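In: Take this sequence and fold it.
(chains A and B)
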There are 2 protein chains.
Amino acid sequence: MKAVVLLSGGLDSATALAVARAAGCTSYCMSFAYGQRHSIELERAAQVAHKLGAAEHRVVTIDLRAFGASALTADIPVPKDRPEMESIPITYVPARNTIFLAFALGWAEVLGARAIYLGINALDYSGYPDCRPEYLRAYQSLADLATRQAVEGDRVELRAPLLHLSKAEIISLGTELGVDYTTTLSCYDPDAAGLACGHCDSCRLRARGFEAAGIPDPTQYRPSEPS
Amino acid sequence: MKAVVLLSGGLDSATALAVARAAGCTSYCMSFAYGQRHSIELERAAQVAHKLGAAEHRVVTIDLRAFGASALTADIPVPKDRPEMESIPITYVPARNTIFLAFALGWAEVLGARAIYLGINALDYSGYPDCRPEYLRAYQSLADLATRQAVEGDRVELRAPLLHLSKAEIISLGTELGVDYTTTLSCYDPDAAGLACGHCDSCRLRARGFEAAGIPDPTQYRPSEPS
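Out: Okay, here's the model as predicted:
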C-alpha cells in the first residue's frame, strides 16, 4: 500500500515514517520549504527519507511568510527556556498542519495512496491546536468528503501513530524500528551547521525524552550562548 | 468586521466579494498562483479586488504542479463541449479548495478576521467534490478546532453565499450589488489576451447563466477554432 508521509526532518516524523515502513507501506515523503528559519531541517528530511527507504521525497515550496506572525517564519525571536510550556507559544504557525495535510491529501489522490502518516503528538508537545486528537478526527471527516478518490469510495486514512505516546515512548519505538536519531533535527533555532540550541521548547522536549527513555541523546548541541 | 475573501478572478468569487462588501465586511482578498494555465485570471482578480474596494489583495504562490494530474495544472488538454457535465472532469484539481481554505484560515487568524468568503456553488458547477455543502460543513468543523483563534473562542465562519444559487441567480445578485462582470474571467483556457474559449465547462455555464438571467453577456470570446 502506498502512503504519503509528512516529514519535517525532526524526531517525530522520522519515527512516523519508520512506523509506515514497518506497516509495509511504500512511503512517499513530503516536506515543505515554508520560509522556516530552521530550513536546514529539509536537508535532514532528505537524509531521513533515504535512510528509511522512502520511494520518493518531494519538497513543496509554499510561502507561509505571506502571513508571518510566528517565530518560525517571521522576524520574532524563538523563546528559550520558557517556564511554562502549556500555553500556545509564538512558535505556533497559523494553520500549518491544516495546509500540510491539504497538500498531502492532494498528492495521496494523485498517487492512489490510501494513508497519510503524520508525526503529531498530543502529550509532549507545545500546545499547538492542530496537534490534538479532535483536530485529527475533524480532518479525517473532511478528507472523507474532499477528493474525487473519497467520493469514489477510496478512503485515505490519516494515521498519527504517535498521537498518544510520550516523547520517551516515541524514541523507544523509533529506536526499535531502526531510526537513526543523529540525522534528525528538532531544534527551532539551529545554527548554520545544524547544531541545536538546547533551550527552545523543541530541544527541551527532545532532551527529556531521551533521558526518560534511558537512551543516549545523540543530539549535537552548540556551546551555550551567554544570556 | 474583517473577512478573508478567496478570489479567483472568475464570476463567482467576484460576486462573493460583493456580498462580503454588502454585509459590511472589510475584505482581504487572497488569490493563488498555483501553476494554473489560465494565470491571466490573477490580473483579473486584482482588478476585481480594486473595483470592489478590497482593503488588500494578496497573491500566494504555491505549486500544485508538484502533483499535477489536472488539465488546469498539467499538460492535459481542457475538455471542450463535454456532452455530460455531471461527472468529475479532468479540470478537477486535487485538494485545491482544501488547500486554498487552509491558507485563508491562516491569514484570517493573523488578521483577526471572523469570516472567510468563498464562491463555491453546488448547483451550476462542474461536479467537484470540494464544492458541496457537506464538504463545507466538514471544513467548518475543522476550522473550529484548527487555530489558536478558534481555541480561544473566536470562531471564523466559512461563508459560501452562492452555494445554493443557480448561475443565473448569482449573476442577478452580483449585478444588483454592482459587480462589473466584464472584468471577470471564467474560462479555463483563455488566450494570452484573456479572450474566452466559449467551449469549456466554465464558459458554457457562464454563458447559460447570463442567458437565463436575461442579462447581456459581456464576455469577450475569441473566434472559434476549427475543430
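
In: all contacts plus neighbour counts: C-alpha atoms, from now on.
Out: Fine.

In: could you check whether the least confident helix or strand in chain A by mean pLDDT is close to chain B?
Out: The weakest-scoring helix or strand in chain A, judged by mean pLDDT, DSSP states H and E, is helix A:148-151 (a mean of 80). Yes. Using CA under 8 Å from any CA of the partner chain, helix A:148-151 reaches chain B at A:148, A:151.

In: Same check on stretch A:17-27?
Out: No. Stretch A:17-27 is not in contact with chain B by CA under 8 Å from any CA; minimum separation 15.4 Å.

In: mind showing which ranges of chain A have poor pLDDT?
Out: Scanning chain A for pLDDT under 70 picks out A:37-38, A:65-92, A:124-127, A:225-227.

In: Can you show me the CA trace of the least confident helix or strand of chain A as CSV?
Out: What follows is helix A:148-151, C-alpha atoms only, in CSV (Å, rounded to 0.1, in the frame of the first residue of the first chain):
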residue,chain,number,x,y,z
ARG,A,148,-12.6,12.5,-6.1
GLN,A,149,-10.9,9.5,-4.5
ALA,A,150,-13.1,9.8,-1.4
VAL,A,151,-16.2,10.3,-3.5
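
In: Show me what counts as buried in that helix.
Out: Buried positions in helix A:148-151, judged by neighbour count with 16 or more other CA atoms under 10 Å in any protein chain shown: A:148, A:149, A:150.

In: give the contact list for the first one.
Out: With contacts taken as CA atoms under 8 Å, 6 or more residues apart in numbering or on different chains, residue A:148 has the following neighbours: A:109, B:88, B:94, B:128, B:129.

In: Now with 7 Å, please.
Out: residue B:129 (CA atoms under 7 Å, 6 or more residues apart in numbering or on different chains).

In: continuing past the lengthiest strand in chain A, what's the next helix or strand?
Out: Criterion DSSP state E: the longest strand present in chain A is strand A:26-33. The helix or strand immediately downstream of strand A:26-33 is helix A:41-51, counting by DSSP states H and E.

In: Next, residue A:59: secondary structure please.
Out: strand (DSSP: H, G, I helix; E, B strand; the rest coil).

In: Show me what from chain A comes close to chain B.
Out: Applying CA under 7 Å from any CA of the partner chain, we find that chain A lies next to chain B at A:60-63, A:66-67, A:69, A:94-95, A:98-99, A:102-103, A:105-107, A:109-110, A:129-130, A:135, A:138-139, A:141-142, A:145-148, A:151.

In: which of those are buried?
Out: Buried subset of those (neighbour count, 16+ other CA under 10 Å): A:60-63, A:66-67, A:69, A:94-95, A:98-99, A:102-103, A:105-107, A:109-110, A:129-130, A:135, A:138-139, A:141-142, A:145-148.

In: Out of the residues you listed, list just those in strands.
Out: A:60, A:61.

In: quick revisit: give me the sheet partners of the longest strand of chain A and which way each runs.
Out: Here strand A:26-33 has these sheet partners by DSSP bridges: strand A:2-6 (parallel), strand A:56-61 (parallel).

In: Just name the most buried of those strands.
Out: For those, the largest average neighbour count (mean count of other CA atoms under 10 Å in any protein chain shown) is found in strand A:2-6, namely a mean of 28.

In: Report the angle between the next helix-or-strand element following that strand and strand A:26-33.
Out: With elements assigned by DSSP H and E, the helix or strand that comes after strand A:2-6 is helix A:11-22. The directions of helix A:11-22 and strand A:26-33 differ by 160 degrees, with axes from the mean of the first three to the mean of the last three CA atoms, to 10 degrees as the criterion.
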